[in-house]
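[1] predicted model and sequence below, questions to follow.
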Amino acid sequence: QPAAGYKFSAITQTGVDASKVTIDNNTKTVTYDKNTTGTSTINVTFEQLPKLATPTNLKVSSVSCANALLAWDAVDGANKYKLILTNTSTATQTTSNPNTNSVFITLSAGVTYSWTIQAIGDGATNTDSEVATGADFTTHYTITYNTNGGSDVEDGCGTTLPETLPTTSKSHYTFDGWYM
């Protein structure tokens, strides 16, 4: 059997009926039926499969408190991709295998992530690409307002506090602002 990343290329034989020799690239086996006496020789040549191109033009966009869009240029011949996303503060890794050259992912707020992407080959006509590394990015923070029984205020999302903070109201109270 050929090693990963190789396929059968050629076969020569002596002392074996050529019509009885079979090469199967799917199962990676050579079989033959030896019907003669004496010495038989089968020489098998292997060919290294081409490696897929490494993904390029890696981009992060639409970053929010809980999501981001990761994208890269499609690689010809790729069946799918291997995405590894790492939370840089905990070193927790998440692996996914998107079939397209972009993925909208759900994340935790206020966390910095690093990511890599690799084009995955079919193993029969090509092999996996080298790993490409995307730029680190940080999701936005969730801003939660405790109204202490006042009217509801919608949570915010951002990298800084908004210029104009929302106000709340509560019967028989005067709202003086927010405290951190």
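    Ah, there it is.
[2] show me where the protein has its strands.
    Taking DSSP state E to define them, one finds strands in the chain at 6-14, 21-24, 29-32, 41-48, 59-61, 67-71, 80-87, 92-96, 102-106, 112-120, 132-138, 141-143, 156-158.
[3] for those strands, give me a markdown table that also has mean neighbour count.
    C-beta here means a position set from N, CA and C on the backbone, and glycine is covered the same way. Shown next, in a markdown table, are the strands of the chain (neighbours: other C-beta atoms under 10 Å):
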| stretch | mean neighbour count |
| --- | --- |
| strand 6-14 | 14 |
| strand 21-24 | 14 |
| strand 29-32 | 14 |
| strand 41-48 | 12 |
| strand 59-61 | 13 |
| strand 67-71 | 18 |
| strand 80-87 | 18 |
| strand 92-96 | 12 |
| strand 102-106 | 13 |
| strand 112-120 | 20 |
| strand 132-138 | 15 |
| strand 141-143 | 17 |
| strand 156-158 | 14 |
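[4] where does pLDDT dip in this protein?
    In the predicted model of the chain, residues 1-4, 6-42 satisfy pLDDT under 70.
[5] what about 80?
    For the chain, applying pLDDT under 80 flags the ranges 1-47, 161, 178-180.
[6] residue closest to the middle of it?
    By C-alpha atoms, centre = their mean, the chain has its centre lying nearest to Leu83, at 1.3 Å.
[7] and the strands of the chain as CSV, adding distance to Gly149?
    Below are the strands of the chain laid out as CSV (distance: least, C-beta to C-beta, whole Å):
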stretch, distance to Gly149
strand 6-14, 70
strand 21-24, 74
strand 29-32, 74
strand 41-48, 71
strand 59-61, 39
strand 67-71, 32
strand 80-87, 35
strand 92-96, 37
strand 102-106, 32
strand 112-120, 35
strand 132-138, 33
strand 141-143, 19
strand 156-158, 20
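[8] follow-up on the earlier one: which residues does the closest residue in space to the residue nearest to the centre of the chain that isn't next to it in sequence contact?
    Closest residue to Leu83 apart from its sequence neighbours, by C-beta to C-beta, 6 or more residues apart in numbering: Ser96 at 4.9 Å. Listed by C-beta atoms under 8 Å, 6 or more residues apart in numbering, the contact set of Ser96 reads Leu83, Leu85, Val103, Ile105.
[9] I figured the third one hits Asn67, correct?
    No - in this structure Val103 lies outside contact range of Asn67 using C-beta atoms under 8 Å: 10.6 Å.
[10] of the contacts of Ser96, which pair is most distant in space?
    Leu85 and Val103 (9.3 Å; C-beta to C-beta).
[11] what do those two both touch?
    Leu70, Ser96.
[12] now the end-to-end length of stretch 118-130.
    End-to-end distance for stretch 118-130, by C-alpha to C-alpha, to the nearest Å: 6 Å.
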